[in-house]
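Trainee: Quick one: sequence and predicted model below, then my questions.
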Amino acid sequence: MPFLSPGTRITVGAHGTLTVIAYIGGGGQGEVYRVTVNPGNRVMALKWYTNEFILRNKAFRRNLEDLCRRPSPSPAFLWPEAVTARVGHRYGYIMPLSDELPDLGQYFCPDVFPDAYFRSWEARINAALAICSALSKLHLAGMSYQDINDGSFLIHPVTGHVRICDNDNIVPHGVSTGMQGKVRYSAAEVIAGRAPDQASDCMSLAIVLYRIFAVDHPFEGRNTLGRNLASMSAEDEAHLFGSDAVFCHDSRDDSNRPDRRHQPNSLFFWPHFTDTLRAAFAEALSRDAITLPKRRYTASMWQRILRRERAALITCHGGGDSHDFLSADTLPPRCPYCGVALHGELWLRFFSGGAYRLTDGKALYLQFDSEPAGRCRRIGGNRSTDVFVLSNISSDTWTVTSPGGGRSSVPPGGQCRLMPDDTIDFGRVRARVSQSE
Ligand SMILES: [Zn+2]
C-alpha cells in the first residue's frame, strides 16, 4: 500500500506545494509518484523515501539539498530539483517526470518484458552514447554517480534515447554518503568496502555497455555455472563479480567462457562486434581494469569508439525487412543475419576528421548528436545506376557545393542528390562526399 494517497499536499520550499496524483512504483529506497507542483501547475515526479537508513542519514539529505542547487549536467538526468518538507520523519524530492520507458534491467528479461529489446544496432549505440555523454559531463562537473546499475537507465527501444534516474546517489568528488552500489555492477574495490568514485563508475559503465550490446553479464560464464545466481552467498558474489571476476571473453584467461545454455547472448553477439569493439571490451573488462582503477576506460574514451561504430554501421534490407549490422571486415561487407552483401555505399569525409558511411535507409548523425540530421536513400536498381539521396531532417539549411563551384541550398525537409566530390556544409560541420572511406 503506497504511503501517500492521491490528493495529499506537501510543501516544497520556494517551489510551492505539490499534490499527489498517482503512485507510479516503488523500490528499496522509496516510492515514486506523479505529482503537480503549484504555482505553475507543473507535472513532475516525486521520490518519497521509505528506507530508514536513508531517512536517518543526515549526510545523504545534505548532499541531496546540495544537488538541487547544482545545474543538471545533461538533460538526460532526471535531476533533483527540490527537497520536500517532512511528513513525520519522512521526506522526498521532486524531479522531471519521464515518459514511460523500460529500464535496462527489463531488456535482460525477454520472457517478462517482451517489448524491451533494442530494435537495431543504431538504437543500442545511441543508448550507449547517451549514457557515456551524460556520464562524461557528470565527471567533468566533478561528480560521480556511485551506483550505476541496470535500474539506472530508462531507454527507448527504437530510438535509444535515455533518461537517467536515481540521481540522488550522485556526490561531488571526495564526498561520501555511505551508499554502496549493486554488487554485480560495482567495481572490485567498492565491493571490498571502499567508497565509490569516478573510477568505480567507469567499471560499472563497462559492464552496462557490454550488456547493452550482448545482454548477458560480462562476468557470467563457466565460473558461475551450477551456482544459483539468485541465492548465491554474499561472499561468493563478492568474489565472482569483484576481486576474482573474469570477463567471459578475456583474451588471456579462457576459464570463464560463456556457456551455450546459460549465456547464449554473450556467445551469439560477440562475433557480430567489430574488432575495435571486441578489443575495447577485452581491455575495459580485463583483469588489469578490474584490479587497477587507473586502467579503466573513461566515458569520453567510449564516446569516441561508439561514434566511429555508429558512423560505420550498415543498413540491410535482405529478407524483406530493414535491419542493420556493425561494420564487417569482409569486402563487400556481408550481413550476418541474412547473408546479403552490401549493395552500394557512399561516405562523408568530414573536414574536422572522421568519415561516415551512408547506405540505403541509414540515418546520418553529426558528431555525438542523439537526433539524426539526415537520412540516406538509394534510388535505382543496379550498381551502375545507383543514385543516393540525402534528406535534411535537421533544423539547419545545408549548402552543397560542386567541384565546379555551383552551389545549392537544402532547407529542412529538402533533399539533395549525393555526388562524389561535392562538399556539404551542414552548419556546424562540413564534409566531402566520397566513394570510399
Ligand atoms: Zn541483412
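Mentor: On my side now, so go ahead.

Trainee: biggest helix in the protein by residues?
Mentor: Across the chain, the longest stretch assigned as helix under DSSP state H is helix 121-140.

Trainee: Beyond that helix, next helix or strand please.
Mentor: Sequence order places strand 143-144 as the next helix or strand after helix 121-140, per DSSP states H and E.

Trainee: interface residues of the chain facing the ion?
Mentor: Contact residues, the chain versus the ion (Cβ under 5 Å from the ion): 316, 318, 335, 337-338, 340. C-betas here are computed from N, CA, C, even on glycine.

Trainee: Grab the nearest non-local neighbour of Ser395.
Mentor: Counting by Cβ to Cβ, 6 or more residues apart in numbering, Ser395 lies nearest to Pro412, which is 5.4 Å off, once chain neighbours are set aside.

Trainee: Tell me if that neighbour really is in a strand.
Mentor: No. In this structure, Pro412 is coil, not part of a strand, as judged by DSSP: H, G, I helix; E, B strand; the rest coil.

Trainee: Asp201 is in contact with Ile148, correct?
Mentor: Yes. Between Ile148 and Asp201 there is a contact under Cβ atoms under 8 Å: 5.9 Å.

Trainee: looking at it, Ser395 is touching Phe426, isn't it?
Mentor: No. Taking contacts as Cβ under 8 Å, Ser395 lies outside contact range of Phe426: 11.3 Å.

Trainee: Show me which of those two is the more surrounded one.
Mentor: Phe426 (21 against 11; other Cβ atoms under 10 Å).

Trainee: Was I right to think that one contacts Ala373?
Mentor: Yes. The pair Phe426 / Ala373 is scored as a contact, 6.3 Å apart, by Cβ under 8 Å.

Trainee: anything in contact with each of those two?
Mentor: Residues within reach of Phe426 and of Ala373 at once, by Cβ atoms under 8 Å, 6 or more residues apart in numbering, are 366, 394, 396.

Trainee: Other residues contacting the helix or strand of the chain with the lowest mean pLDDT?
Mentor: Least confident helix or strand of the chain, by mean pLDDT, DSSP states H and E, is helix 234-238 with a mean of 85. With contacts defined as Cβ under 8 Å, 6+ apart, helix 234-238 is touched by 183-184, 191-192, 227.

Trainee: In the stretch 251-400 of the chain, where is pLDDT below threshold?
Mentor: Applying pLDDT under 70 to the stretch 251-400 of the chain picks out residues 381-385.

Trainee: before we move on, the earlier item: what is the nearest of the contacts of helix 234-238 to Arg349?
Mentor: Comparing the contacts of helix 234-238 against Arg349 with Cβ to Cβ picks out Arg184 as the nearest, at 42.1 Å.

Trainee: show me what contacts the closest residue to that closest one other than its chain neighbours?
Mentor: Of all residues not flanking Arg184 in the chain, Phe241 sits nearest, at 5.0 Å (Cβ to Cβ, 6+ apart). Neighbour list for Phe241: 183-184, 186, 191, 219 [criterion: Cβ under 8 Å, 6+ apart].

Trainee: gap between Phe241 and Ser352?
Mentor: 41 Å (Cβ to Cβ, to the nearest Å).

Trainee: swap in Val246?
Mentor: Val246 sits at a distance of 40 Å from Ser352 (criterion: Cβ to Cβ).

Trainee: Can you report how many residues lie near Ser391?
Mentor: Here the count is done by other Cβ under 10 Å, and Ser391 has 18 residues near it.

Trainee: Give the bridge partners for it, please.
Mentor: Per DSSP bridges, the residues bridged to Ser391 are Arg375, Gln415.

Trainee: Let me know the distance separating it from Ser370.
Mentor: Ser391 sits 18 Å away from Ser370, going by Cβ to Cβ.

Trainee: what does the domain assignment say about the chain?
Mentor: 9-96, 104-305, 343-434 (automatic domain parsing).

Trainee: Need those domains in TSV (columns: distance to Ala311).
Mentor: Putting the domains of the chain into TSV (distance: least, Cβ to Cβ, whole Å) gives the following:
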stretch	distance to Ala311
domain 9-96	21
domain 104-305	10
domain 343-434	4
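
Trainee: ok, and which of these has the densest surroundings?
Mentor: Comparing these by mean neighbour count (mean count of other Cβ atoms under 10 Å), domain 104-305 ranks first with a mean of 19.

Trainee: Now list whatever residues contact both of Ile148 and Asp201.
Mentor: Joint contacts of Ile148 and Asp201 (Cβ under 8 Å, 6+ apart) are Leu135.

Trainee: And the pLDDT at the closest residue to Tyr185 other than its chain neighbours?
Mentor: Nearest non-adjacent residue to Tyr185, counting by Cβ to Cβ, 6+ apart: Asn149, 4.1 Å away. Per-residue pLDDT puts Asn149 at 94.

Trainee: Give the full set of residues in contact with Asn149.
Mentor: Contacts were defined as Cβ under 8 Å, 6+ apart; by that measure Asn149 touches 105, 181-182, 184-185, 204, 208.

Trainee: can you tell me how far the spatially closest residue to Arg296 that is not a sequence neighbour sits from the ion?
Mentor: Distance criterion Cβ to Cβ, 6+ apart; nearest residue to Arg296, sequence neighbours excluded, is Cys202 at 3.9 Å. From Cys202 across to the ion, the span is 34 Å (Cβ to the ion, to the nearest Å).

Trainee: before we move on, which element is Cys202 in?
Mentor: Assigned by DSSP H and E, Cys202 belongs to helix 198-214.

Trainee: which other helices and strands contact that helix?
Mentor: Counting contacts by 3 or more Cβ pairs under 8 Å, 6 or more residues apart in numbering; DSSP states H and E, helix 198-214 packs against helix 121-140, strand 143-144, helix 188-191, helix 264-269, helix 275-284, helix 287-291, helix 299-312.

Trainee: Let me have those in JSON lines, adding distance to Asn63 as columns.
Mentor: Listed next are the helices and strands packed on helix 198-214 as JSON lines, based on distance: least, Cβ to Cβ, whole Å:
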{"stretch": "helix 121-140", "distance to Asn63": "14"}
{"stretch": "strand 143-144", "distance to Asn63": "10"}
{"stretch": "helix 188-191", "distance to Asn63": "18"}
{"stretch": "helix 264-269", "distance to Asn63": "37"}
{"stretch": "helix 275-284", "distance to Asn63": "29"}
{"stretch": "helix 287-291", "distance to Asn63": "28"}
{"stretch": "helix 299-312", "distance to Asn63": "22"}
